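> A predicted structure for the sequence below; I have some questions about it.
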Amino acid sequence: MQPNIDAGLRITALVSVGKHPSSGRARRADQDARAVEMGLRIAPQGLEVVHAGSSDEAVLRDYAGMGLAALKVIQQSAELDAVPALSEYLSEETPDIILTGVRAESGESSGMMAYLLGEKLGLPVVSRVAEIRSVANGHAEVLQALPRGQRRAVRVCLPFIASVDSAAAAPRQSAYGPGMRAKLQPEERGIEIPDAVRSLWQESPARKRPKRLKVVKAKTAADRFKAATAKATGDGGTVMRNETAAEKAQAIFDLLVEEGVLR
Amino acid sequence: MSDDIIRRDPRAEWIARNRLHPLHEAMKQAGAAAEVRGPSGLIRRNPHAVGFIGPNGIKRIDRLNGNAQTTAGRRAAAKTVELPLHRVETPDYYIAVVPDLIGGRLTAHDKDVLGQAHQLIAQLGGAGAVVAICFGESREDSFDKAGVDRLMQFSDASFDGYSPEARVTALQNVDKSLSPKFWLFPDSIAGGFEIGCRLAARLDERPLTQAWQVGLESTICRGAGGSSDITRATERILLLAQECANPIDETRHEVLPLEAVEVTTATARLEDLGQVSVDPNSIALAEAEFILSAGNGVHDWDNFHRAATLLGATEGGSRVVVDDGHMPRFRQVGASGTWVTARVYIAVGISGAVQHLQGIGQCDKVIAVNTDVSCDMVKRAALSVIDDSNEVLTELMKLVEEYRQQEVTDAA
């Protein structure tokens, strides 16, 4: 699939427990699963998947069902800060590429994980990666996902941390049997740094944000009347009927060039 | 003795009563005030002292006081009202805002963040100033109306394009020199989220992301991918969601330049290789910027597909062509298809049924090519062309080919 990918690459994908948007059930986090998929496409032999939490999680089996023989689980309880334990583990392992998602689906979901690891380990961070095109000579060429379906190419030197965007390749289906047969290797790190800020905050299900009203700043009754009765008149609305087809096409062409969509 | 008796002058009263009397104007100079205080203290209104002589010599009374909406020949209604200037001579503290500046202009999200900055100043009290920190060329000319008190511009070439590491180093230096009370970023994919998180990681401070209601003590943020609300203590670095506060619209601000701090450029570990051309048909229809959409009036499908490829547009279709099998279902645009948010939408042979128009409600410019003048799509479109779709597309393709040829020869 990726002929120019180095065979000896070591990739670590960090996974978390995801949350289905409508039902709220625990599932594979979308961006984390795409990160695992990216790792499986580039270097299936050198991929290691790490989770910081409890090894009883059923969701880990869903990740394993994508074709992983084993997962590493850094034993930690849910309210603890994951960054210190992960940074210590990664500084010992020193993989070439570390893949995470952009934002988690549960918990604080701040998106800081990749950047905090980057600072602690001193590695460059590339965010919103859609594809890793090639890895050669200690450099990787990476495609970043921009809004409106655009892509930007970025070159970064190994080792680096990449956060994977939802525009990356769709994750493969998870198979139940291999998922159940996978080994969840627990790692006892003994780093129990409590998240002080988290214990102080209150969490509640999200309520709808108030919609912004178009308030008319009107001083006089006449102004308010004018604003209320103003018809939304579309400017433009030119209709070309009697010109030749060439002239009509010219008008369309000019509009496209003016809008900047014709490159 | 003659002063006690009030003598009425019947001739004067006769002149005053008759407007057409030659001496009427002269008499009126004396005093035909609209309201006069009478002997008992009550205000007496003179009902004849209204109106003016109109352009054709007939007396006119304008009841609308000049607020009438004239239908024909309306001047540009906006009279530039001069907003009051908000001055901060010597700021006690700064609040730093790093706007996205997409295309060099402030976005609505940026303006909301600036509004939030002024709200925080109002809550903190004192003479705070809002500093906007901009990287690269900015084409924005209304920083003053958006609420920027001080402007720090980094225009070095090392900040062009995608250069997050250089920008974060610059912001770190700004933090050392100005020590702002708050750092506000728009939490957006246009770069605000990335820069804010990088700065928070660099300064080793915990940011508040997706904050939508900010107070001095506590803030409400969205967590868990948008499904929960977290109420927590306000920190220094805030990444604000859209519409977190009202933008500034009642004051003008002095946009005084601040010296950009010295930045020692370290070697960037991320190298920007520029944008990569993308096959437009692989972009999701909901995200696509430029869409060429086919309807029942399109008969030559090869021509249509060729036109889409040449123009570099994403293909779409109405329900009719999808049901007939000419286009796959995921290309359907409409109420039960995709709701598109394109900037330019060309509708070829689409009549504009209500459901289809629902799907293109968010599109900015709609171009309609149709043989029917009275169809609803023509009413919706900014530019409508009444002609056979095949002919127009062929001519358009010719023009685009010439344009591309010219570009190639220009580049060569």
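Done, it's in.
> mind naming the longest helix for chain B?
Of all the elements of type helix in chain B, the one with the most residues (DSSP state H) is helix B:389-411.
> list the buried residues of that helix.
Buried residues in helix B:389-411, counted by 16 or more other C-beta atoms under 10 Å in any protein chain shown: B:Ser389, B:Asn390, B:Glu391, B:Val392, B:Leu393, B:Thr394, B:Glu395, B:Leu396, B:Met397, B:Leu399, B:Val400. (Each C-beta comes from the backbone N, C-alpha and C, glycine too.)
> so who does the nearest residue to B:Asn173 once chain neighbours are set aside touch?
Spatial nearest neighbour of B:Asn173, chain neighbours left out: B:Val261 (4.5 Å); criterion: C-beta to C-beta, 6 or more residues apart in numbering or on different chains. The neighbours of B:Val261, taking C-beta atoms under 8 Å, 6 or more residues apart in numbering or on different chains as the test, are B:Met152, B:Ala170, B:Asn173, B:Val174, B:Lys176, B:Ser177.
> pretty sure the fifth one sits in a strand.
No. B:Lys176 is assigned helix when assessed by DSSP: H, G, I helix; E, B strand; the rest coil, not a strand.
> now the strands for chain A?
Applying DSSP state E to chain A gives strands spanning A:11-15, A:17-19, A:26-28, A:47-53, A:70-75, A:97-101, A:125-136, A:139-145, A:151-157, A:160-164, A:183-187, A:202-205, A:238-240.
> out of the ones you listed, which is closest to B:Pro247?
With C-beta to C-beta as the criterion, B:Pro247 lies closest to strand A:125-136 of those, at 27.2 Å.
> in chain A, where is pLDDT below threshold?
Low-confidence regions of chain A, defined by pLDDT under 70, span residues A:1-6, A:231-236.
> quick check: the gap between the residue of the stretch 201-350 of chain B found nearest chain A and B:Ile360.
With C-beta to the nearest C-beta as the measure, B:Ile283 is the residue of the stretch 201-350 of chain B nearest to chain A, at 3.1 Å. Distance, B:Ile283 to B:Ile360, by C-beta to C-beta, to the nearest Å: 17 Å.
> and those two? Which one has more around it.
Of the pair B:Ile283 and B:Ile360, B:Ile360 is the one with more neighbours under other C-beta atoms under 10 Å in any protein chain shown, namely 25 against 19.
> so the more buried one sits against B:Val333, correct?
Yes. At 6.5 Å, B:Ile360 counts as touching B:Val333 under the criterion of C-beta atoms under 8 Å.
> quick one: the helices in chain A, in order.
In chain A, the helices defined using DSSP H lie at A:30-42, A:59-64, A:82-93, A:113-121, A:176-181, A:196-200, A:221-229, A:245-259.
> what sits against the residue lying closest to A:Gly67 once chain neighbours are set aside?
Of all residues not flanking A:Gly67 in the chain, A:Leu40 sits nearest, at 6.1 Å (C-beta to C-beta, 6+ apart). The contact partners of A:Leu40, taken as C-beta under 8 Å, 6+ apart, are A:Leu47, A:Met66, A:Gly67, A:Arg172.
> kindly report the same for B:Arg105.
Per C-beta under 8 Å, 6+ apart, neighbours of B:Arg105: B:Ser138, B:Arg139, B:Glu140.
> kindly give a single ChimeraX line that selects the buried subset of those residues.
This is how ChimeraX selects the buried members of the contacts of B:Arg105, with burial counted by 16+ other C-beta under 10 Å:
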select /B:138,140
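> could you dump the contacts of B:Arg105 into a markdown table and include distance to A:Lys19 and secondary structure?
Formatted as a markdown table, the contacts of B:Arg105 follow (distance: C-beta to C-beta, whole Å; DSSP: H, G, I helix; E, B strand; the rest coil):
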| residue | distance to A:Lys19 | secondary structure |
| --- | --- | --- |
| B:Ser138 | 39 | coil |
| B:Arg139 | 41 | coil |
| B:Glu140 | 39 | coil |
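> can you tell me the closest non-neighbouring residue to the closest residue to chain B within the stretch 51-200 of chain A?
For the stretch 51-200 of chain A, the residue closest to chain B is A:Gly149, as judged by C-beta to the nearest C-beta, at 3.1 Å. Spatial nearest neighbour of A:Gly149, chain neighbours left out: B:Ile283 (3.1 Å); criterion: C-beta to C-beta, 6+ apart.
> overlap in contacts of B:Ile360 and B:Val333?
Here B:Ile360 and B:Val333 have B:Val340 as joint contacts, going by C-beta under 8 Å, 6+ apart.
> can you state the direction angle for the longest helix of chain B and helix A:245-259?
Computed by axes from the mean of the first three to the mean of the last three C-alpha atoms, to 10 degrees, the angle separating helix B:389-411 from helix A:245-259 equals 50 degrees.
> can I get helix B:389-411 in CSV, CA atoms only?
Extracted C-alpha coordinates of helix B:389-411, given in CSV (Å, rounded to 0.1, in the frame of the first residue of the first chain):
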residue,chain,number,x,y,z
SER,B,389,-27.6,23.7,-20.7
ASN,B,390,-25.5,21.9,-23.2
GLU,B,391,-24.6,25.0,-25.3
VAL,B,392,-23.7,27.0,-22.2
LEU,B,393,-21.5,24.3,-20.7
THR,B,394,-19.7,23.8,-24.1
GLU,B,395,-19.0,27.6,-24.4
LEU,B,396,-17.9,27.7,-20.7
MET,B,397,-15.6,24.8,-21.2
LYS,B,398,-14.0,26.7,-24.2
LEU,B,399,-13.4,29.7,-22.1
VAL,B,400,-11.9,27.8,-19.3
GLU,B,401,-9.6,25.9,-21.7
GLU,B,402,-8.4,29.2,-23.1
TYR,B,403,-7.9,30.6,-19.6
ARG,B,404,-5.8,27.6,-18.6
GLN,B,405,-3.8,27.8,-21.8
GLN,B,406,-3.1,31.4,-21.1
GLU,B,407,-2.0,30.6,-17.6
VAL,B,408,0.4,27.9,-18.8
THR,B,409,1.9,30.4,-21.4
ASP,B,410,2.1,33.1,-18.7
ALA,B,411,4.0,30.7,-16.4
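> what's the neighbour count on the residue lying closest to B:Ala34 once chain neighbours are set aside?
Leaving aside its chain neighbours, B:Ala34 sits nearest to B:Ala49 (4.4 Å; criterion: C-beta to C-beta, 6+ apart). Neighbourhood size, B:Ala49 [other C-beta under 10 Å]: 13.
> how about B:Ala49, phi and psi?
Main-chain torsions, B:Ala49, degrees, to the nearest 10: phi -90, psi 40.
> quick check: the closest residue to B:Asn46 other than its chain neighbours vs chain A, distance?
Among residues not flanking B:Asn46 along the chain, B:Ala34 sits closest, at 5.7 Å (C-beta to C-beta, 6+ apart). According to C-beta to the nearest C-beta, to the nearest Å, B:Ala34 and chain A sit 20 Å apart.
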